[in-house]
Structure formats: structure tokens, C-alpha cells
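A.B. asks: Can you look at this prediction? I've put the sequence above it.
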Amino acid sequence: MEYIIQTHNISKKYDDFTAVNGVNLNVPKNSVYGVLGPNGAGKTTLISMLCTILHPTSGSATVNGYDVTKHPKEVRESIGIVFQSRALDDMLTGREHLQMHASLYGVPKDIRQSRIDEILDLIALGKKADEFVKTYSGGMKRRLEIGRGLIHHPKVLFLDEPTLGLDPQTRESIWEYIKDLNQNQDVSVLMTTHYMEEADKLCDEVAIINQGQIITSNSPQNLKRELKADTITMHVDNIKKFTEEVEKLDFVRETFVMDSEIKLMVERGENLVAELVNFANEHKIFVYSIELEHPNLEDVFLKYTGRTIQGEGG
Ligand SMILES: Nc1ncnc2c1ncn2[C@@H]1O[C@H](COP(=O)(O)OP(=O)(O)OP(=O)(O)O)[C@@H](O)[C@H]1O
């Protein structure tokens, strides 16, 4: 596997406080990779080191094959950065922001105009491209910031909390946009988030970071699978009898009965739905409905840290 970002025991101390503690990351090329963790976990510190904004206290990292401490210039040329702090000037237009950035990032003059048009097309600002940023919606501003990070065709885009503070609808449109960028523009994306749903929808792989350390990493799907805790909820006509019978089955780990519904904790629930309906029929029990739920990334976080991610002030 080819990796676009690799870190080897990278650490950062602020005086005596260790914000990032011996992190090893392997980010596959052309993936969307999520660094997940509560506020203060060390996410921003970690990506700041990868962007050459902060110097590691120890350990090393490469981005696009370049060492972040030995070849910071080459690293910077390889990356686009969209950080949390909004840095748009209300009194400039979207196009002017892109013009400024293109010149800052040394996009050659003869291709600057076409590059700006290309990015404007990509971020779909439409007529708003020539209006002041102060008239933009939250989503438009975020798209402009992302477009600005792409003006010099970086290989890697760093996104720090890309949808922080945005409403659910705008958030979804940014997600689609990031996915599209990754798939159609061959941009690898490293993003931080404390929104589990965001990581689940967007990321090919995630690393869960807590108190400066990676506690686990894998695809969201595998992380959830590892929990082995699917829930099957059934609504049946004779709950008492069904509960008695179903509790005899080996694959049923636990049951919870609520009114006329029973919740069964099982592993790999997708293989058991048909079996449970047949089982009920064999016992002359009518099934009104059956529903399968997989655990979410929030459950994964809870398992590894013993607390919820949002409980940390997210
Ligand atoms: N310049 C600094 N000096 C001292 N401590 C710092 C500094 N910057 C960050 N920290 C501390 O390091 C820890 C990690 O901070 P960091 O910003 O990397 O976390 P984060 O996971 O990005 O959190 P958030 O989601 O809130 O941005 C926090 O406890 C923070 O208070």
C-alpha cells in the first residue's frame, strides 16, 4: 500500500504537557482519513505538525514522501490547509480571495486565471463569486475556504473540523463536496472531526485519538463490526412466549423487553433476520416488524475510552 502521510512516534510537548504522544499514522494515498477525538485530544496539534506549522518535539513524519522537518518547503507545496479559524475577508469577493491565494502560492501567472475559473466551477459559487464574502452563507464560505486550499493543486488537503458550526443541511453538502473532490480530483484528505456521523459517512479509515494517543484505527465499518453488538428489534404478537423461546438460542447474547417489542443483542445481525422470522413462525408467533441496527462510531468511542465524545464539550 502506498501512503501519502506517515508518522513515526511523533510527539509534541507544550512545556511539561504532552499534547501528542507517540503517534503512528499511515494514511493511504487517495483516501479520506479521519482523526477523531474529543476537544483537546491533540488533533489540531497533530495536523499542525504535518502541515509544518508546529515542530515535533520528537519522532518524525512524511507527507507526500517529504520529511516535515527536513523538507518543509516541499511539504508545503504538496498540501492545502483549511483550518478551524475562519480567515476570510468580508470585504473581498470570492474571486478576489482566490486571486490572492493563487499569487501567494506561486501559481504561474499565465495559468492563474484558468485555475481560478476551474476552482470557482468546482466550488459552485455561481454569481456570488463576484460578490462580497459578507453576503455568503456559512456553506458558501466553507466551500470558498476549501477551494482556496486547492488553488495550487495540492496532493493532500488538510481539513480541521470542516463542518464545525454548520447546520445539518450545509454539513451534508460539504460532505458530498469533499467526497467528490477525493474521488474525482485525486486529492487525499486528512480531516479532524469530533462528529462521529461525519467520520462515518466520509472516511475510508479513521484513527481515534484520545489524550494525545491513537487508541485504535481502522475503517469505520470494521471498528463497528469489532464491537459485535448488533441490535435486532422485533415487534411480535406474543412477546412473553417469544422471549422465553428466543432466549434459548445460542446466538442471542442478551434480551430487553419493552411493551410489545423485544430487543436482541447479537453478532452479525444481517445473517439472523430471516432465521428469527422463521423461528417465530415455527412457534406460531406472528412478527409485525423486525429491524436491524448496527452500532455507530459513538459506541466504538465509548468502548475504547469509557465516555462519549460529545460529553467532552463538543
Ligand atoms: N500553544 C499551546 N500551549 C499549551 N497547551 C496547548 C497549546 N496548544 C494546545 N494546547 C493543549 O494541547 C491539548 C491538545 O490541543 P489541540 O488543539 O491539539 O486539541 P484538539 O483535539 O484539536 O481539540 P479541539 O477540537 O478543541 O481543537 C489541549 O489540552 C490544549 O489545551
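C.D. replies: Nice, thanks for sending it over.

A.B. asks: Could you use CA atoms for every contact and neighbour count after this?
C.D. replies: OK.

A.B. asks: Now do the helices in the chain.
C.D. replies: 43-50, 72-78, 94-104, 109-123, 138-149, 168-184, 196-202, 220-226, 239-246, 273-282, 297-305 (DSSP state H).

A.B. asks: who wins for proximity to the ligand among these?
C.D. replies: helix 43-50 (3.5 Å; C-alpha to the nearest ligand atom).

A.B. asks: Quick one: neighbours of Ser31, just the number.
C.D. replies: 22 (other C-alpha atoms under 10 Å).

A.B. asks: what about it, distance to the ligand?
C.D. replies: Separation of Ser31 from the ligand (C-alpha to the nearest ligand atom, to the nearest Å) stands at 21 Å.

A.B. asks: For the stretch 201-314 of the chain, which residues score under the pLDDT cut-off?
C.D. replies: Scanning the stretch 201-314 of the chain for pLDDT under 70 picks out the ranges 310-314.

A.B. asks: so which of the helices of the chain comes closest to Lys155?
C.D. replies: Evaluated with C-alpha to C-alpha, those place helix 72-78 nearest to Lys155, the distance being 5.3 Å.

A.B. asks: would CSV of the helices of the chain with distance to the ligand be doable?
C.D. replies: Formatted as CSV, the helices of the chain follow (distance: least, C-alpha to the nearest ligand atom, whole Å):
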stretch, distance to the ligand
helix 43-50, 4
helix 72-78, 20
helix 94-104, 25
helix 109-123, 26
helix 138-149, 17
helix 168-184, 17
helix 196-202, 13
helix 220-226, 19
helix 239-246, 44
helix 273-282, 39
helix 297-305, 14
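
A.B. asks: could you dump these to TSV with mean neighbour count?
C.D. replies: Formatted as TSV, the helices of the chain follow (neighbours: other C-alpha atoms under 10 Å):
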stretch	mean neighbour count
helix 43-50	23
helix 72-78	18
helix 94-104	19
helix 109-123	16
helix 138-149	22
helix 168-184	16
helix 196-202	18
helix 220-226	17
helix 239-246	15
helix 273-282	14
helix 297-305	17
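
A.B. asks: Among these, single out whichever gets nearest to Tyr14.
C.D. replies: Taking the helices of the chain one by one with C-alpha to C-alpha, helix 43-50 is closest: 10.1 Å.

A.B. asks: Next up, the contacts around Leu125.
C.D. replies: When the contact criterion is C-alpha atoms under 8 Å, 6 or more residues apart in numbering, the partners of Leu125 are Met140, Leu144.

A.B. asks: Just give me the neighbour total for Lys13.
C.D. replies: For Lys13, using other C-alpha under 10 Å, the count is 15.

A.B. asks: wait, isn't it in contact with Ala19?
C.D. replies: Yes - assessed by C-alpha atoms under 8 Å, Lys13 is found in contact with Ala19 at 5.7 Å.

A.B. asks: From the centroid of this protein, which residue is nearest?
C.D. replies: Nearest residue to the geometric centre of the chain (C-alpha atoms, centre = their mean): Ala199, 2.8 Å.

A.B. asks: Local confidence estimate at it?
C.D. replies: The pLDDT attached to Ala199 in the predicted structure is 92.

A.B. asks: pretty sure it is in contact with Ala207, am I right?
C.D. replies: No - using C-alpha under 8 Å, Ala199 makes no contact with Ala207, being 9.9 Å away.

A.B. asks: so what sits against both of those two?
C.D. replies: Gly34, Leu36.

A.B. asks: Which strand residues bridge Phe256?
C.D. replies: Assessed by DSSP bridges, Phe256 has beta-bridge partners Lys263.

A.B. asks: give the contact list for Val189.
C.D. replies: Asn30, Ser31, Val32, Tyr33, Val156, Leu157, Phe158, Leu159, Asn182.

A.B. asks: distance of the fifth one from the ligand?
C.D. replies: In this case it means Val156. Per C-alpha to the nearest ligand atom, Val156 is found 19 Å from the ligand.

A.B. asks: List the buried residues of stretch 280-292.
C.D. replies: Within stretch 280-292, the residues that qualify as buried by neighbour count (16 or more other C-alpha atoms under 10 Å) are Ala280, Ile285, Phe286, Val287, Ile290, Leu292.

A.B. asks: can you check stretch 210-220 too?
C.D. replies: Neighbour count says stretch 210-220 has Asn210, Gln211, Gly212, Gln213, Ile214, Ser217, Ser219, Pro220 buried, by 16+ other C-alpha under 10 Å.

A.B. asks: show me what contacts the third one?
C.D. replies: Read that as Gly212. Neighbouring residues of Gly212 by C-alpha under 8 Å, 6+ apart: Thr18, Ala19, Val20, Asn21, Val23, Ala41, Gly42, Lys43.

A.B. asks: swap in Arg253?
C.D. replies: Leu264, Met265, Val266.

A.B. asks: Where neighbours are concerned, which of those has the most?
C.D. replies: Neighbour max across the contacts of Arg253 (other C-alpha under 10 Å) = Leu264, 24 neighbours.

A.B. asks: Is that residue in contact with Ala229, as I believe?
C.D. replies: No - contact criterion C-alpha under 8 Å: Leu264 and Ala229 do not qualify, at 9.6 Å.
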